[in-house]
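Visitor: Predicted model, plus sequence, below.
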Amino acid sequence: MAERIDIDGIDKVYPGGNRALKQVSLAVEPGTFLVLLGPSGSGKTTLLRCLAGIERVTGGSIAIGARVVAGDGVHLPPERRDLSMVFQDYALWPHMVARDNVAFALKRRGVSRAEGRATADAMLTRVGLGKLAERYPSELSGGEQQRVALARALVGDTGLVLCDEPLSNLDADLRERMRIEISSLVRQAGATAIYITHDQSEAFALADKVGVLEKGRLVQLGVPEEIYAAPASPFVARFTGLAGELAVRIRGGDRGDGTVEVEAATRSSVRPFRARIGHSGPTGARGELMVRPTAVRLCAIDGDDHHLVGRVADVAFRGRGYEHAVELSCGTQLSNVFAERRVERGESVGLRLEMSGCLVFPGDGAATIGSVENAAGGRLADAPPAESTLAGALQASAVEEVGSWK
Ligand SMILES: Nc1ncnc2c1ncn2[C@@H]1O[C@H](COP(=O)(O)OP(=O)(O)O)[C@@H](O)[C@H]1O
Ligand SMILES: [Mg+2]
């Protein structure tokens, strides 16, 4: 049975002083698929290992249902927490065939070996491996091994499945298929899942709720749509996918609906446009505009509905259309600009910015670009000199012992 999970102000300081988790609080309703998203080193694995009982918390507490499993002098070992884990590197027992790897999860439950094997076979069939039950892990592909690991996690019917980047060692095509399988199998089982990844698209595709971790802190928790539409900070915005960032001048105040009129601080600016006010501001006359890829449209340069002009720096065929990287006069690029038609490299284009995906944050040096490479796909441009009527610049962004079992 899935139970509510309450993580209350947990800290984790590793021996040596490294503070990997800082006051993380989080409640997870039964049956929720929660994805924790964050860059490498943000504390995702540490949080999952604290939940599993592989690591001890150094502060705060964790309760699963009515039981405190960690904190206040309590530390239940993993096997008493009634949960299962799927790891990045599969972590199968090499000396056991697939069936026994899965059946082993039932051992502790007092299930007989024969019954355990029959249940394991049924589970392996569900994950598409019915015919491979007699194979050793070394005789299985990565994707097949991960299916065995998933079958092992689900067969015990623990109600809580923890996944640590289970797809990251698989190639793209298989990743997509396994993502759908994990999503449907975990949901069919009615289990609560806590799944960690550094991949924003994987997180958004899988999650009922997404939690974003930054340097050991949970900086935002919400449904994917909320995180995309209203990121709590420039960091969250960058980490969840931007076409780029622009320094902007703010013209007037809040228009009463949480939007302001802005003008890009570059010679590439053609006319002002509206943007939504981000969580923390902006407060002054200048801001940093975070632009979602969904908010940029290519349009004719001689029309009257574009806000910026630029030059196509790159075009990539994406099957359902083309993604363009458009360079502005100062060298800043807006990337992932989708259009159904192809515009060739070197052509001048107009860019229209849609308010829904344009968020302004305070501009005070927030223009310093984060270390998130995959978010913006842009590059850091040197601030150009003040140009035209606008001062400033555009900046692109940027487990258990193996005993005998009779
Ligand atoms: N056993 C350990 N001892 C000391 N520091 C650790 C240990 N494991 C992880 N860390 C540190 O804790 C931080 C968070 O690591 P981790 O939880 O693995 O992050 P993530 O899974 O998000 O990449 C990092 O700074 C990492 O170097
Ligand atoms: Mg990790």
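Guide: Sure thing, it's come through. Ligands and ions are numbered 1, 2, ... in the order given.

Visitor: and the longest helix along the chain, average pLDDT?
Guide: Ranked by residue count, the top helix of the chain under DSSP state H comes out as helix 172-189. Helix 172-189 shows an average pLDDT of 91 in the prediction.

Visitor: Show me where the stretch 201-350 of the chain has its strands.
Guide: 209-214, 217-222, 244-251, 259-264, 273-277, 286-291, 296-299, 308-317, 322-327, 333-339, 348-353 (DSSP state E, counting those that start in this stretch).

Visitor: so how far is stretch 287-295 off the chain centroid?
Guide: Distance, stretch centre to chain centre, for stretch 287-295: 18 Å (C-alpha atoms, centre = their mean, to the nearest Å).

Visitor: That should have said stretch 100-107, apologies.
Guide: Using C-alpha atoms, centre = their mean, the offset of stretch 100-107 from its chain centre is 31 Å.

Visitor: Could you do stretch 11-31 as well?
Guide: 18 Å.

Visitor: With only the CA atoms kept, save it in PDB.
Guide: What follows is stretch 11-31 as a C-alpha-only set of coordinates in PDB (Å, rounded to 0.1, in the frame of the first residue of the first chain):
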ATOM      1  CA  ASP A  11      20.000  17.900   6.500                       C
ATOM      2  CA  LYS A  12      22.800  15.700   5.300                       C
ATOM      3  CA  VAL A  13      26.400  16.600   6.200                       C
ATOM      4  CA  TYR A  14      28.800  14.000   5.000                       C
ATOM      5  CA  PRO A  15      31.900  13.100   7.100                       C
ATOM      6  CA  GLY A  16      34.400  15.700   6.000                       C
ATOM      7  CA  GLY A  17      31.900  18.600   6.200                       C
ATOM      8  CA  ASN A  18      30.200  18.500   2.800                       C
ATOM      9  CA  ARG A  19      26.600  19.700   3.300                       C
ATOM     10  CA  ALA A  20      24.700  17.900   0.600                       C
ATOM     11  CA  LEU A  21      21.100  18.600   1.800                       C
ATOM     12  CA  LYS A  22      19.900  21.700   3.500                       C
ATOM     13  CA  GLN A  23      16.600  21.800   5.300                       C
ATOM     14  CA  VAL A  24      14.700  19.900   2.700                       C
ATOM     15  CA  SER A  25      11.000  19.500   3.500                       C
ATOM     16  CA  LEU A  26       8.600  17.700   1.200                       C
ATOM     17  CA  ALA A  27       5.300  15.900   1.600                       C
ATOM     18  CA  VAL A  28       4.400  13.300  -1.000                       C
ATOM     19  CA  GLU A  29       0.800  12.100  -1.300                       C
ATOM     20  CA  PRO A  30       0.200   8.300  -1.800                       C
ATOM     21  CA  GLY A  31       0.300   7.300  -5.500                       C
END
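
Visitor: Once you drop chain neighbours, what's closest to whichever residue of the chain sits closest to ligand 2?
Guide: Per C-beta to the ion, residue 45 is where the chain lies closest to ligand 2, at 3.2 Å. Just so you know, the C-beta spots here come from the backbone N, C-alpha and C atoms, and that holds for glycine as well. Leaving aside its chain neighbours, residue 45 sits nearest to residue 164 (5.8 Å; criterion: C-beta to C-beta, 6 or more residues apart in numbering).

Visitor: after the longest helix of the chain, next one along is what?
Guide: strand 192-197 (DSSP states H and E).

Visitor: Using PDB, write out every CA atom in that next one.
Guide: C-alpha atoms of strand 192-197 as PDB (Å, rounded to 0.1, in the frame of the first residue of the first chain):
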ATOM      1  CA  THR A 192       4.300   6.200  -5.000                       C
ATOM      2  CA  ALA A 193       7.400   6.900  -7.100                       C
ATOM      3  CA  ILE A 194      10.200   9.200  -6.300                       C
ATOM      4  CA  TYR A 195      12.300   9.500  -9.300                       C
ATOM      5  CA  ILE A 196      15.400  11.600  -9.800                       C
ATOM      6  CA  THR A 197      16.900  12.900 -13.000                       C
END
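
Visitor: Adjacent strands (with direction) for it?
Guide: strand 33-37 (parallel), strand 160-164 (parallel) (DSSP bridges).

Visitor: Tell me what angle the last one forms with helix 172-189.
Guide: With axes from the mean of the first three to the mean of the last three C-alpha atoms, to 10 degrees as the criterion, the two stretches strand 160-164 and helix 172-189 enclose an angle of 170 degrees.

Visitor: Now stretch 207-219: buried residues?
Guide: 207, 208, 209, 210, 211, 212, 213, 214, 216, 218, 219 (16 or more other C-beta atoms under 10 Å).

Visitor: now what about that stretch, what contacts it?
Guide: 12, 19-26, 28, 32-39, 41-44, 46-47, 195, 203-204, 220-224, 227, 232-233, 235-236, 239-240 (C-beta atoms under 8 Å, 6 or more residues apart in numbering).

Visitor: ok, that stretch near ligand 2 or not?
Guide: No - for a cut-off given as C-beta under 5 Å from the ion, stretch 207-219 has no contacts with ligand 2; the smallest distance is 10.4 Å.

Visitor: Please spell out which residues along stretch 305-319 are buried.
Guide: 306, 307, 308, 309, 310, 311, 312, 313, 315.

Visitor: swap in stretch 8-26?
Guide: Neighbour count says stretch 8-26 has 8, 10, 11, 12, 20, 21, 22, 24, 26 buried, by 16+ other C-beta under 10 Å.

Visitor: hmm, that stretch in reach of ligand 1?
Guide: Yes - under the criterion of C-beta under 6 Å from any ligand atom, stretch 8-26 makes contact with ligand 1 via 14, 16, 18, 20.

Visitor: Check the buried residues of stretch 207-219 and tell me the two furthest apart.
Guide: 208 and 216 (23.6 Å; C-beta to C-beta).

Visitor: Would you mind confirming that residue 354 is in contact with residue 293?
Guide: No - assessed by C-beta atoms under 8 Å, residue 354 is found out of contact with residue 293, at 10.8 Å.
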